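Peer 1: I would like to see how this sequence folds:
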Amino acid sequence: MTHPFTSSAASRFLRYVTFDTQSDERSQSYPSTPGQLVLLNRLVDELKELGVADASIDQYGYVMAALPATPGKEQVPAIGFIAHVDTSPEVSGANVRPIVHKNYDGRDLVLPDDPSLVLREADNPELKGQHGHDIITASGLTLLGSDDKSGVAEIMAAAEYLATHPDIPHGPIKIGFTPDEEVGRGTQYFDVTRFGARFAYTLDGPQCGELEIENFSADAMTVTFKGFNAHPGYAKGRMVSAVKLASEFVHRLPRHGLSPETTQGYEGYVHPHTIEGGVERSVVKMLLRDFATRGLDEKARMLTDLAEEVVRPFPTASVEVERHESYRNMKEVLDRYPEVIEHA
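Peer 2: Numbers count the residues shown, from 1 in each chain. Predicted structure coming up:
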């Protein structure tokens, strides 16, 4: 069955992806980039246009709104729906040009702005289940931003549908749009009391109809190596290159496990995703993932011990390790409230 893009969700999505909302983990502001606020403010305007009068944005960029219960459902517990507007800092989100591939039939999908990028069923088995559907991709020069503007569009489309169909009974519904999820700070200033729902669902999954009830616990780690610089012509016995210390640290990471490219399922990993710096100071940024929070502690100790081992032979070198909590496995909470899963 073909689903033409005449729906509110799809048309909204095609608009939302054109907003550059790439987040920036190096930024000290909140949200980390001004572009996120442009879309967040636009969402407030659109919610008000739908008649959601209390839609608002706070000083941190969190958008919240409420659809009141229909008559007779006022005492039903409020339920929330949440999505994030930011896109990954790893790939450009500027000047996104969405391409609609009509009536997909298994053919190769060539991205026109970079014909070397081709989506093939052989490489992407999930495409086999999409025959007869239209598919949206980026043009080849940027990411698309479906994570998580598809969730944003779905929530907005649902709000529009409920607002225009008051005959559908429902309890109080809370809506939340957040910034900076991709850099691990999406809930940093989220005001749960203001949001007003004890339980909520995040629309940020890969497959239609799929309900995720657990996820990795995640931390970020910054490992800073400090070397000793000297003029290259007089460096013998004196220079200690922080670049080489950082490189040695990465080289000593496990090669046959504990990495995204060697693990699957419930297997945790550590992932060095950025190296930057020079002879005097070099920084390795790491992602830590484990389904059990205690597993993060074990991985953090392993990385700290390894970093200290790398600098130990060099008295003029040092290393600093910073660890920041990103998020935790939702199952640790959901196990205490199984009704959230039962009613999904």
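Peer 1: In contact with A220, which residues are there?
Peer 2: 25, 184, 285-288, 323-324, 326 (Cβ atoms under 8 Å, 6 or more residues apart in numbering). Backbone N, C-alpha and C define where each C-beta goes, glycine included.
Peer 1: Okay, and Q188 sits in which element?
Peer 2: Assigned by DSSP states H and E, Q188 belongs to neither a helix nor a strand.
Peer 1: ok, the nearest residue to it once chain neighbours are set aside - how many residues close by?
Peer 2: Once flanking residues are discounted, Q188 sits nearest to Y30: 6.9 Å by Cβ to Cβ, 6 or more residues apart in numbering. Look at Y30: counted by other Cβ atoms under 10 Å, it has 15 neighbours.
Peer 1: got the contact list for Y30?
Peer 2: Y30 makes contacts with 60-61, 179-180, 185, 188-189, as judged by Cβ under 8 Å, 6+ apart.
Peer 1: What subset of these is buried?
Peer 2: 60-61, 179-180, 185, 189 (16 or more other Cβ atoms under 10 Å).
Peer 1: from those, which two are the most distant?
Peer 2: Using Cβ to Cβ, the two most remote members of those are G61 and R185, lying 10.9 Å apart.
Peer 1: now the contacts of Y30 as a markdown table including distance to E276 and pLDDT?
Peer 2: Listed next are those as a markdown table, based on distance: Cβ to Cβ, whole Å; pLDDT from 0 to 100:
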| residue | distance to E276 | pLDDT |
| --- | --- | --- |
| Y60 | 28 | 97 |
| G61 | 27 | 97 |
| P179 | 24 | 98 |
| D180 | 21 | 96 |
| R185 | 20 | 90 |
| Q188 | 24 | 92 |
| Y189 | 27 | 95 |
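Peer 1: could I get those as CSV with distance to L162?
Peer 2: What follows is the contacts of Y30, written out as CSV (distance: Cβ to Cβ, whole Å):
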residue, distance to L162
Y60, 27
G61, 25
P179, 25
D180, 28
R185, 30
Q188, 30
Y189, 28
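Peer 1: For the most centrally placed residue in the chain, what are phi and psi?
Peer 2: The centroid of the chain falls nearest to E182 when counting by Cα atoms, centre = their mean (3.4 Å). With angles defined as degrees, to the nearest 10, E182 sits at phi -70, psi -20.
Peer 1: pLDDT at it, what is it?
Peer 2: What the model reports as pLDDT for E182 is 94.
Peer 1: can you tell me which residues contact it?
Peer 2: Residues near E182 by Cβ under 8 Å, 6+ apart: 23, 84, 86-89, 147.
Peer 1: which one of the residues you listed is nearest P206?
Peer 2: Distance to P206 across those (Cβ to Cβ) is lowest for D147, with 8.8 Å.
Peer 1: you'd agree that closest one is up against V85?
Peer 2: No. D147 is beyond contact range of V85, at 10.6 Å (criterion: Cβ atoms under 8 Å).
Peer 1: neighbour-wise, which of those two wins?
Peer 2: V85 (31 against 18).
Peer 1: For Y201, give me the backbone phi and psi.
Peer 2: Y201 has phi and psi values of phi -120, psi 130 when expressed as degrees, to the nearest 10.
Peer 1: returning to that earlier point: and the contacts of E182, which of them are in strands?
Peer 2: Among the contacts of E182, DSSP state E puts H84 in strands.
Peer 1: And the contacts of E182, which of them are buried?
Peer 2: Among these, those classed as buried by neighbour count (16+ other Cβ under 10 Å) are 23, 84, 86-87, 89, 147.
Peer 1: okay, those residues in CSV with distance to A9 next?
Peer 2: Formatted as CSV, the buried ones among the contacts of E182 follow (distance: Cβ to Cβ, whole Å):
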residue, distance to A9
S23, 23
H84, 17
D86, 19
T87, 18
P89, 26
D147, 15
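Peer 1: closest to K236 among these?
Peer 2: Ranking the buried ones among the contacts of E182 by separation from K236, with Cβ to Cβ as the measure, puts P89 on top at 39.9 Å.
Peer 1: List the residues that contact that closest one.
Peer 2: Under the criterion of Cβ under 8 Å, 6+ apart, the neighbours of P89 are 22-25, 182-183.
Peer 1: if we go to 10 Å?
Peer 2: 22-27, 32-33, 182-183, 273-274 (Cβ atoms under 10 Å, 6 or more residues apart in numbering).
Peer 1: Quick one: buried ones out of the residues you listed?
Peer 2: Neighbour counting by 16+ other Cβ under 10 Å classes 22-25, 32-33, 182-183 among these as buried.
Peer 1: What is the nearest of the residues you listed to P260?
Peer 2: Among the buried ones among the contacts of P89, and counting by Cβ to Cβ, the member closest to P260 is E182, at 16.0 Å.
Peer 1: With A317 as the reference, measure out to E309.
Peer 2: For E309, the distance to A317 (Cβ to Cβ, to the nearest Å) stands at 12 Å.
Peer 1: Name the residue in the two with the higher neighbour count.
Peer 2: Neighbours per residue (other Cβ under 10 Å) separate E309 from A317, with A317 holding more: 18 against 13.
Peer 1: Do I have it right that that one meets N229?
Peer 2: No. Taking Cβ atoms under 10 Å as the definition, A317 is not a contact partner of N229, at 11.1 Å.
Peer 1: Sketch out the low-pLDDT regions of the stretch 1-150 of the chain for me.
Peer 2: The model of the stretch 1-150 of the chain has pLDDT under 70 over residues 1-7.
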